[in-house]
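Asks: sequence first, then the predicted structure:
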Amino acid sequence: MKHFLDIDQTDPAELRGIIDAAARMKTARNGRPRGAPDDDQPLKDHMVALIFEKPSTRTRVSFDVGVRQMGGQTMVLSGADMQLGHGETIADTARVLSRYVDLIMIRTFEEQTLLDMAEYASVPVINGLTNRSHPCQIMADVMTFEEHNGPIKGKKVVWSGDGNNVFASFAHAAKQFDFDLTFTGPPPLDPEGALAGLYTVERDPHKAVAGADLVVTDTWVSMHDPQSARERRHNQLRGYQVNDALMARAKPDALFMHCLPAHREDEATSSVMDGPNSVIFDEAENRLHAQKAVMRWCLGT
Ligand code: CP
Ligand code: NVA
């Protein structure tokens, strides 16, 4: 069973194959209306369940559109509206859904929910974000980097801000795609210990960003963080805002990424987000292409 649970759980050669397939599929669609089907229909007669226990714009729409372009059908399910949100176990939910659908994508809170879904489902499961990681996002980000600036191998990537779930998937990708990752942020918001060794730490953001090929940030308060932590986090992270002064320390052709949604003028200024180095909307588009390739890999189609 080929689940797509995390970048560090997937073989580097397979990850490379997914990125290359995504690029080929994107090129093949050049100039077509979004709703036009792909020439080949690798998900014909396939039904895909998209389960959301947290809000989503990009993940929800890009998976839904991607399945339809490939000839499949989707069912978008809110965790709260399912029996899952009223006490039915993940294990039972997984076994039931496997009788109806060919593929399950889930966005949830605890990583254990995703792991239980994968353990008990008899169809492939894709991680659409948990409190701990967001692998589909970083597949799109690697694809985006390489579209603009060539192979990511050996490049310097700097993360400024909260050591969160999106950072974790960047750390996994640093190992699998062999790039150099620096974390700059306040000690209370360091990445989880399990990621140690996958990145280096530089507390001074201006030193960290020196010579960077890619600068990345994300929201200061994630969906799973308590709103009561908002003010404290803002105070801790203010010095790590990605602004023009910080970007000026990176290489002139350095890219700026943010998975979105963003809080403009908090973690990044609009001058950077809308500036010449920003590729934030290419990242969003590439969610579509990267995830189509992930789904084909899972299904072997
Ligand atoms: N980047 C991302 O996953 O966005 P959504 O929360 O809108 O899906
Ligand atoms: N770190 C963010 C990413 C959203 C796509 C969150 O988990 O809310």
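Replies: Arrived safely. Ligands and ions are numbered 1, 2, ... in the order given.

Asks: would you mind listing what in the stretch 151-300 of the chain touches ligand 1?
Replies: Neighbours of ligand 1 within the stretch 151-300 of the chain, by Cβ under 6 Å from any ligand atom: 259, 260, 261. To be clear about C-beta, it is placed using only N, CA and C from the backbone, and glycine gets the same treatment.

Asks: strands along the stretch 1-150 of the chain, start to end?
Replies: Assigned by DSSP state E, counting those that start in this stretch, the stretch 1-150 of the chain shows strands spanning 47-52, 73-78, 103-107, 125-127.

Asks: which strands and helices sit next to the first one?
Replies: If I follow you right, that is strand 47-52. Here strand 47-52 touches helix 58-69, strand 73-78, strand 103-107, going by 3 or more Cβ pairs under 8 Å, 6 or more residues apart in numbering; DSSP states H and E.

Asks: ligand 1: which of the strands of the stretch 1-150 of the chain is closest?
Replies: The minimum distance between ligand 1 and those falls on strand 103-107, with 7.3 Å, by Cβ to the nearest ligand atom.

Asks: next up, the contacts around the closest residue to residue 139 other than its chain neighbours.
Replies: Sequence neighbours aside, residue 290 is the residue nearest to residue 139 in space, at 4.2 Å (criterion: Cβ to Cβ, 6 or more residues apart in numbering). Taking Cβ atoms under 8 Å, 6 or more residues apart in numbering as the criterion, residue 290 is in contact with 18, 19, 22, 136, 139, 140, 143.

Asks: switch the cut-off to 6 Å
Replies: Shown in contact with residue 290 (Cβ atoms under 6 Å, 6 or more residues apart in numbering): 22, 139, 140, 143.

Asks: for residue 231, see how far away residue 31 is.
Replies: Using Cβ to Cβ, to the nearest Å, we find residue 31 at a distance of 48 Å from residue 231.
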